[in-house]
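Undergrad: need coordinates for the following:
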Amino acid sequence: MKVLNLLIVCGVCILSGCATPTPTRARWEYKTIKWNSSFEGAEVQLNELAKDGWIVVDHSFVAPDYGWTFVLKRPLK
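TA: Predicted coordinates:
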């Protein structure tokens, strides 16, 4: 009887594992912003964008004349 109960439990576990839905891939939208002033000012703008769900995924700094470039993403709505 114990063996039968164990087989039933194992069968349920296996079947319920097969019935779980496959994860869906996240879809993203991207945004690029350029900032020519101080980094502290960019930090304020980035914090405002974060409130809307944006995440910084990359940044670069090219010479003082060009400034900062930030690449952001958030889940597609």
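
Undergrad: distance of residue 73 relative to residue 36?
TA: Distance check for residue 73 against residue 36: by C-beta to C-beta, to the nearest Å, it reads 22 Å. Every C-beta, even on glycine, is put in place using the N, C-alpha and C of the backbone.

Undergrad: looking at the two now, which is surrounded by more residues?
TA: residue 73 (16 against 11; other C-beta atoms under 10 Å).

Undergrad: show me the contacts for the closest residue to the more buried one other than its chain neighbours.
TA: Among residues not flanking residue 73 along the chain, residue 28 sits closest, at 4.6 Å (C-beta to C-beta, 6 or more residues apart in numbering). Residue 28 sits next to 73-76 when contact means C-beta atoms under 8 Å, 6 or more residues apart in numbering.

Undergrad: ok, the residues you listed vs residue 48, which is closest?
TA: residue 74 (13.2 Å; C-beta to C-beta).

Undergrad: what's near enough to touch the closest one?
TA: Going by C-beta under 8 Å, 6+ apart, the list of residues near residue 74 reads 28-29, 31, 52-55.

Undergrad: that's a strand at it, yeah?
TA: Yes - assessed by DSSP: H, G, I helix; E, B strand; the rest coil, residue 74 belongs to a strand.

Undergrad: what's the pLDDT at it?
TA: At residue 74, the predicted lDDT confidence score is 95.

Undergrad: again, but for residue 15
TA: Value for residue 15, per-residue pLDDT: 58.

Undergrad: quick one: buried residues of stretch 67-77?
TA: 67-68, 70, 72-74 (16 or more other C-beta atoms under 10 Å).

Undergrad: could you do stretch 55-62 as well?
TA: Result for stretch 55-62 [16+ other C-beta under 10 Å]: no buried residues.

Undergrad: contacts for that stretch, please.
TA: Here stretch 55-62 makes contact (C-beta under 8 Å, 6+ apart) with 46, 67-74.

Undergrad: which residues sit in contact with residue 38?
TA: Going by C-beta under 8 Å, 6+ apart, the list of residues near residue 38 is empty.
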